[in-house]
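> Could you look at this predicted model? Sequence included:
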Amino acid sequence: MIAAALVLGVLGLVVGVALGLAHRHLARDDDSLAAAIDALLPQTQCAQCGYPGCRPYAEAIAAGAPLDLCPPGGQATAEAVAKLLGREAEQPVVGAPADSVAAIDEAACIGCALCLDACPVDAIAGANKYVHTVIEERCTGCELCIPPCPVDCISLEPTAAAILRWERP
């Protein structure tokens, strides 16, 4: 009886060690894949993709999520990630290109600076107790600066490119 328990214990130990070694040497390195995908993303941390930042979205892509959820990265980023993964890029990227940017009504701005911390791409210039303004070239139109504004002086307005594309009836 003791011999049988001893044999089963040794057998369990050998199988456990073998499984541990196999996992270490044969496991797919999803972390390095997610890191490679993350390096291709624009790092705006805008959450327009539905994930809280670029790294969580990269991890989701590594697990099989769609490639077309990053408006700031656009089609070029989706194609670069697709090439890395050997997949087809979905067309077109959801929400891209951004047709609007944030605009601050400077007459109504009280300089609270709450929008500065909310902007993931530092597209808002200003300081506490001074009027703020938007740097349109940096703005991705993510709308994250709108909710924290206590005086509702931030709105989205069409970009110059969107206005030029607009056709009159």
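Happy to help now that I have it.
> contacting residues for the spatially most central residue of the chain?
The centroid of the chain falls nearest to residue 54 when counting by C-alpha atoms, centre = their mean (3.0 Å). Contacts for residue 54 (C-beta atoms under 8 Å, 6 or more residues apart in numbering) come out as 38, 41-45. Every residue, glycine included, has its C-beta placed from N, CA and C.
> Need the max-distance pair from those.
38 and 44 (12.3 Å; C-beta to C-beta).
> so what's the residue nearest to the centre of the chain closest to, chain neighbours aside?
Spatial nearest neighbour of residue 54, excluding adjacent residues (C-beta to C-beta, 6 or more residues apart in numbering): residue 41 at 4.2 Å.
> residue contacts, the one you found?
Residue 41 is in contact with 54, 57-58, 70, 73, 77, 81, counting by C-beta under 8 Å, 6+ apart.
> can you give me the helices in this protein?
Assigned by DSSP state H, the helices in the chain fall at 2-26, 30-40, 54-62, 74-85, 114-118, 160-165.
> avg pLDDT for the fifth one?
In this model, helix 114-118 carries a mean pLDDT of 92.
> likewise stretch 122-130?
92.
> Show me the shaky parts of the chain.
26-30, 91-98, 161-169 (pLDDT under 70).
> Quick check: most distant residue from the centroid of it.
residue 1 (59.6 Å).
> list the contacts for the closest residue to residue 36 other than its chain neighbours?
In space, and not counting its chain neighbours, residue 36 is closest to residue 84: 6.1 Å by C-beta to C-beta, 6+ apart. By C-beta under 8 Å, 6+ apart, the contact set of residue 84 is 36-37, 40.
> Turn the residues you listed into TSV, including neighbour count and distance to residue 18.
Putting the contacts of residue 84 into TSV (neighbours: other C-beta atoms under 10 Å; distance: C-beta to C-beta, whole Å) gives the following:
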residue	neighbour count	distance to residue 18
36	14	30
37	23	32
40	20	37
